[in-house]
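*Asks:* Sharing a model that was predicted from the sequence below.
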Amino acid sequence: MENVTKLDLNEPVQTKNGKPVRIVCTDFKNGTTPVLGIMYDAIEDREQIYMYSSDGRFYANTEGSPYDLVNVPKPVVSYHNVYDTGMSPGYRSHDKAEEYSNALCRATIKITYTRGKGATAEVVKEY
């Protein structure tokens, strides 16, 4: 079953297949598609206007489309202390990770995960 999240048109949006969309209007008076979005068309080398239902469906398509709108995934960041025996649970800030580290800590790493894009890790501090 797909994880359904309510679309927030006040936040950045993209199509389900990852193309950025700029919302220009949410009150277009034509019946079923009040949302107008602009998307770059690489084949035509120009921007195109697309119409969406208020819940982000492309042309109010009930079957679902790769052009339906979703909010751009926000990255999740956590900081972990690394020890010879493993890694600590994640902390929301580097300061918290340092606060809970001890003399056996070898490094603090930052892990950034974005849905659909994977994760990156970087060493923030070595001890």
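*Replies:* Received the coordinates, thanks.

*Asks:* and the closest residue to residue 33 other than its chain neighbours, how many neighbours?
*Replies:* Residue nearest to residue 33 in three dimensions, not counting chain neighbours: residue 51, with 3.8 Å by Cβ to Cβ, 6 or more residues apart in numbering. For glycine as for every other residue, the C-beta is placed from the backbone atoms N, C-alpha and C. For residue 51, the count of nearby residues is 17 (other Cβ atoms under 10 Å).

*Asks:* Bridged to residue 51, which residues?
*Replies:* Per DSSP bridges, the residues bridged to residue 51 are residue 36.

*Asks:* Strand partners (parallel or antiparallel) of the helix or strand harbouring residue 123?
*Replies:* Take DSSP states H and E as the rule and residue 123 turns out to sit in strand 118-126. Looking at strand 118-126 with DSSP bridges, its partner strands are strand 107-114 (antiparallel).
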